[in-house]
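Q: Below are the sequence and a predicted model; questions follow.
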Amino acid sequence: MLSEKLFEEASKLFPGGVNSPVRYYDPFPRFIKEGKGSRIFDVDNGRYIDYCLGFGPMILGHGDHDVVKAVQEQADKGFSFGAPGESEVRLAKIIREAVPSVEMMRFTNSGTEATMHAIRLARHFTGRNLIVKIEGGFHGSHDYALDSIPYNRARNTDQNITIEVPFNGVEALSDTFHRYGKKIAALILEPVMGNIGVVKPDPEFLRVSRKLTSESGSLLIFDEVITAFRFGYKGYQDMVGIKPDLTTMGKIIGGGLPIGLFGGREEIMKNVAPRGKLYQQGTFSGNPLAMISGIATLTRLKKMDYKKPTDYAERLSKEIAKIMDDEGINVTVNQAGTMFTIFFNHEPVVNYATAAGSDSGLFFRFFLEMLKNGIFVPKSQFEACFVSFAHGKEEYTDTLEAVRKSVSAIADTK
Ligand SMILES: Cc1ncc(COP(=O)(O)O)c(C=O)c1O
């Protein structure tokens, strides 16, 4: 297979043969050459219904006509100027109108950069060092968010450390703010967890998050890198009526081209250089191709009815759970809007500890069977599947057929 050969070469060029660890799986990942609508195609002529969707950005499906045309037109005009352009202003206005808490913003090239700078800004603005995050929450690959200690093992400190609390853990969060409140620069969270698999928030947990941060003078950062424009033409914050101080975005707002954003209250954002003292920059930030792709994507999304892909995800999740159940396989399928995760777990999954109780080995066997049967889902038990506007009746039926075949194959080896 060409994928296997390419992977052999790639392994000598990239650590583990990939440019992002989530792309690796045994014995070798399929190399993808093309995407059209709901489907992707590999270099070995395999074709798959895609539930990975670039890990989230491709909500319109691959190769949306309007987006492709807009990007092609921009490509003719130039790629990168290192000077401001009108497209930055246009995209920023679209985003601010849809997510009003983002009064002022800065574009970056990735979600990782966005959360890293949001945390730097929170520390700068509050003059405090501690960061609180959610256990298992992922905010990109920088040490501020990767290195953390459980709240009940933290010592009284005000160093640059990150403390973690369980998702939906109102008591643990309250306890942490009681002990460290005046030292906490920010609490950062994904309002719907997407990186331990999909887990919905208890609305009370989000309310308490807002209350405790306000009372202690800390900032509340919503990491909406996945959730912005995923549940509707707005942020998840607008759906639950909670106004964070800072928000990070990425993925959908660039329509598949590299992007990130951190933004929020002007009082905070004005501290970023050159207006303020917090230095932050990026050669490619506000890149015209990414801006134009984002504008075209959000313009399309504004006219879309999210009910269709949401219903698809809901019905599919229920049906998958039923098929598994009939085969005697324990699963919990969590679905939120157009996202879902099949946990090989008979317990409800409400946070990292319960997600970690899933049978990852069985999930991986399921993943490989699904791949054989023409369905591409993220390879890890702790990722989200995404549904796009390009997924329809045919995809629905074919997916369920593949699930039936895959489930009976793994049930035989269980
Ligand atoms: C919630 C969340 N924040 C931040 C990031 C990092 O974004 P990027 O991969 O664009 O650096 C991700 C990536 O999946 C994410 O899911």
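A: Perfect, thanks for sending it.
Q: name the element residue 90 belongs to?
A: Residue 90 belongs to helix 86-98 when assigned by DSSP states H and E.
Q: Buried residues in that helix, which are they?
A: Within helix 86-98, the residues scored as buried using 16 or more other CB atoms under 10 Å are 87-88, 90-92, 94-95, 98. Yep, even glycine has a C-beta here, placed from its N, CA and C like the rest.
Q: Quick check: residues of the stretch 1-150 of the chain near the ligand?
A: Contact residues (CB under 6 Å from any ligand atom) of the stretch 1-150 of the chain with the ligand: 55, 110-112, 115, 138-140.
Q: mind redoing it with 8 Å?
A: With the criterion set to CB under 8 Å from any ligand atom, the stretch 1-150 of the chain comes near the ligand through 20, 22, 55-56, 110-115, 137-141.
Q: Tell me the one among the residues you listed nearest to the ligand.
A: Nearest to the ligand, judged by CB to the nearest ligand atom, of these is residue 111 at 2.3 Å.
Q: That closest one contacts residue 225, correct?
A: Yes: counting by CB atoms under 8 Å, residue 225 is a contact partner of residue 111 at 3.7 Å.
Q: list the residues that contact both of the two?
A: Common contact partners of residue 111 and residue 225 (CB atoms under 8 Å, 6 or more residues apart in numbering): 139-140, 248-251, 260.
Q: can you list the residues you listed in JSON lines and add distance to residue 28?
A: Formatted as JSON lines, the shared contacts of residue 111 and residue 225 follow (distance: CB to CB, whole Å):
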{"residue": "139", "distance to residue 28": "29"}
{"residue": "140", "distance to residue 28": "26"}
{"residue": "248", "distance to residue 28": "33"}
{"residue": "249", "distance to residue 28": "33"}
{"residue": "250", "distance to residue 28": "28"}
{"residue": "251", "distance to residue 28": "26"}
{"residue": "260", "distance to residue 28": "30"}
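Q: So which of these sit within strands?
A: When DSSP state E is applied, the shared contacts of residue 111 and residue 225 are split such that 248-250, 260 fall in strands.
Q: buried subset of the residues of the stretch 1-150 of the chain next to the ligand?
A: Buried by 16+ other CB under 10 Å: 55-56, 110-115, 137-140, out of these.
Q: show me what contacts residue 104?
A: Residue 104 touches 263-266, 269-270, counting by CB under 8 Å, 6+ apart.
Q: so where is the stretch 301-414 of the chain shaky, pLDDT-wise?
A: Applying pLDDT under 70 to the stretch 301-414 of the chain flags residues 413-414.
Q: Do I have it right that residue 197 meets residue 377?
A: No: using CB under 8 Å as the test, residue 197 is too far from residue 377 to be in contact (11.4 Å).
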